[in-house]
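Colleague: here is a sequence with its predicted model. Questions after.
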Amino acid sequence: MSESDRNFAPQSAAPLGFAQRFSLLHDKADDDVIDSSLRAGIELRGATAWILMFAILVASIGLNINSPAVIIGAMLISPLMGPIVGIGYGIGIFDFALIRRSLLNLGIAAAISLVTSTLYFVLTPLDEAQSELLARTTPTLWDVLIALTGGLAGIIGMTRREKSNVIPGVAIATALMPPLCTAGYGLANGNWAVFGGAFYLFSINCVFIAVATVIVIEFLRLPHRKFVDQRVERRVKRTLLMVVMLTGLPSIYLAIQLVDNEVFGHRARQFVREEFSGGATHVVDTRLHGAIPPPISRPNSRRSIPTAARC
């Protein structure tokens, strides 16, 4: 090879160092691009409102017929993520007008979702509460971790120069729509325990996705919209911490209950296997009445459903 050929030969890329490989600044989009992209997803108007209603109907049908595939499809077309990320972004850059606008749009979206799902469950002839629906009534600490880590993945993907396919995965993992549909089921049947558990799960997802957004925005050092003095900044951080604690602490208690039930169930099944193994004895079915509370019947409700069960 001649000297000129060697000069024009393609040079292999230098291997990435450890810091570069895990740097969030390496392929970050421009600040203005991130700002316009996150603000664009906040507004709920025009076609977005119709998409939300149809997505809620799809999710309600999926919960009603116990079809995970249908529920996942509804989560993929849901536009609920935008206002939640907008709240976190507004907190991260201290843009209080953006926070108010995001909260307004999230409230409208939640109201539309509850009305749509409640009407569906009032009209549907399928009365039985399926396992996919019941699974959204008892949120625990694991739901907090899912919302936080899913939110971190989502906002990191939104702030890249090249958009990845992480957003649909985050929409499925954090599952914003099924809890709202389950809350609509509770309203349709006057079951406030189901409504409260499902809406609490929705609140966990909203709060911790917003917190994840704040964390990443702070790390990326995106510019604040205006000057904020230290007192206002401390007040915002204290308020955020209080909201996080009030939202997260009940989930720890519910997680402890879930673990206790799982341990009890494992020991009971192990006892049955040991005591009835061998010989002519064959255990066909095992039901643990101590691990799951019995169904609650409400006099004015058409249905009786267990309030805490993960099937």
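Modeller: Now that the structure is in, tell me what you want to look at. Since the model is a prediction, treat every value here as computed from it, not as a measurement.
Colleague: first vs last residue of stretch 72-87, how far apart are they?
Modeller: With CA to CA, to the nearest Å applied, stretch 72-87 spans 25 Å between its terminal residues.
Colleague: what comes up buried for whichever strand or helix holds Ser36?
Modeller: Per DSSP states H and E: Ser36 is located in helix 31-40. For helix 31-40, the buried set under the neighbour-count rule, 16 or more other CB atoms under 10 Å, comprises Ile34, Asp35, Leu38, Arg39. C-beta: built from backbone N, CA, C; applies to glycine.
Colleague: count the residues that sit near Leu76.
Modeller: 15 (other CB atoms under 10 Å).
Colleague: for it, give its distance to Val70.
Modeller: Distance of Leu76 to Val70, computed by CB to CB, to the nearest Å: 11 Å.
Colleague: for the stretch 151-300 of the chain, give me the ranges with low pLDDT.
Modeller: Judged by pLDDT under 70, the stretch 151-300 of the chain has its weakly predicted residues at 163-169, 171, 173, 225-228, 277-300.
Colleague: for it, what spans make up the strands?
Modeller: 296-297 (DSSP state E, counting those that start in this stretch).
Colleague: what about the helices in it?
Modeller: Along the stretch 151-300 of the chain, the segments classed as helices by DSSP state H, counting those that start in this stretch run 166-174, 177-189, 192-220, 230-275.
Colleague: closest to Pro139 out of these?
Modeller: helix 192-220 (3.9 Å; CB to CB).
Colleague: now that closest one: buried residues?
Modeller: Neighbour-count burial for helix 192-220 [16+ other CB under 10 Å]: 193-195, 197-217, 220.
Colleague: still on that earlier bit, deepest in the core, which of the helices of the stretch 151-300 of the chain is it.
Modeller: Of all the helices of the stretch 151-300 of the chain, helix 177-189 carries the top mean neighbour count, a mean of 27, counting by mean count of other CB atoms under 10 Å.
Colleague: which helices and strands does that one pack with?
Modeller: helix 47-64, helix 68-76, helix 96-123, helix 131-134, helix 192-220 (3 or more CB pairs under 8 Å, 6 or more residues apart in numbering; DSSP states H and E).
Colleague: that one: how far from the chain's middle?
Modeller: Distance, stretch centre to chain centre, for helix 177-189: 15 Å (CA atoms, centre = their mean, to the nearest Å).
Colleague: that one vs helix 68-76, what angle?
Modeller: 110 degrees (axes from the mean of the first three to the mean of the last three CA atoms, to 10 degrees).
Colleague: dump helix 177-189 to PDB, keeping only the CA atoms.
Modeller: Output in PDB follows, covering the C-alpha atoms of helix 177-189 (Å, rounded to 0.1, in the frame of the first residue of the first chain):
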ATOM      1  CA  MET A 177     -54.100   3.500  32.000                       C
ATOM      2  CA  PRO A 178     -55.200   0.200  33.700                       C
ATOM      3  CA  PRO A 179     -55.300   1.800  37.200                       C
ATOM      4  CA  LEU A 180     -57.600   4.600  35.900                       C
ATOM      5  CA  CYS A 181     -59.800   2.000  34.200                       C
ATOM      6  CA  THR A 182     -59.900   0.000  37.400                       C
ATOM      7  CA  ALA A 183     -60.800   3.100  39.300                       C
ATOM      8  CA  GLY A 184     -63.700   3.600  36.900                       C
ATOM      9  CA  TYR A 185     -64.800   0.000  37.600                       C
ATOM     10  CA  GLY A 186     -64.900   0.900  41.300                       C
ATOM     11  CA  LEU A 187     -67.000   4.000  40.600                       C
ATOM     12  CA  ALA A 188     -69.400   2.000  38.400                       C
ATOM     13  CA  ASN A 189     -70.000  -0.400  41.300                       C
END
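Colleague: just to revisit the earlier point, nearest to Lys28, of the buried residues of helix 31-40?
Modeller: Ile34 (7.8 Å).
Colleague: which SSE is the nearest residue to Cys206 once chain neighbours are set aside in?
Modeller: Nearest residue to Cys206 in three dimensions, chain neighbours excluded: Ile84, at 5.2 Å (CB to CB, 6 or more residues apart in numbering). Using DSSP H and E, Ile84 sits in helix 81-93.
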